[in-house]
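Student: With the input below, show me the fold.
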Amino acid sequence: MCSSDLCTAVWYMTWARAAEPEAQDRLAEQYAKACADGGGLLAPVGRAWQALRREATPPKLHTEVGSHPSPAGSYVAACVLYATMCGGDVGKFPDRLAVRGDDGKDKVLVELTAAEGKQLRAAAAAALPTTAQAKKPANAK
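Tutor: The predicted structure is shown next:
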């Protein structure tokens, strides 16, 4: 994340593979160490995934491959990154994300039910340090 000559590194904490959920704590420790050593901000996407995977009815976060994110997994990552980098309130994220195609029509990227959106945003918010949503980085505009 850069603003003129000042840059802040953002460490994107990834998630454990579908078949290895126990690896998340080790991944989180390594990302936290890298962030502490290198400086910057830590976007704890993997922690949000971890919390969701422990729920009674977890959403499908991985694709069939077991490592890449599903649309719901990408949505959670976007929420965490937004709050980490911009200090924004993930509660304001819409349930439907679309882009306008070259043909002028909307291409839907993610369309969640209100309950799904609420579940994903709550996990993203809970994974963030309490200051992440309240404060922007010093060099952010």
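
Student: ok but Ala98 is inside a strand, no?
Tutor: Yes: assessed by DSSP: H, G, I helix; E, B strand; the rest coil, Ala98 belongs to a strand.

Student: I figured it hits Lys105, correct?
Tutor: No: taking contacts as CB atoms under 8 Å, Ala98 lies outside contact range of Lys105: 9.4 Å. (C-beta placed from N, C-alpha, C; glycine too.)

Student: So which residues of the protein form strands?
Tutor: In the chain, the segments counted as strands under DSSP state E are 2-3, 6-7, 10-12, 41-43, 96-100, 106-111.

Student: So Ala98 and Lys105 - more neighbours on which side?
Tutor: Neighbours per residue (other CB atoms under 10 Å) separate Ala98 from Lys105, with Ala98 holding more: 13 against 9.

Student: for the chain, what are the low-confidence residue spans?
Tutor: Applying pLDDT under 70 to the chain flags the ranges 1-6, 131-141.

Student: ok, back up a step: how about the strands of the chain, which one is nearest Gly66?
Tutor: Closest to Gly66 of the strands of the chain, according to CB to CB: strand 10-12, at 19.0 Å.
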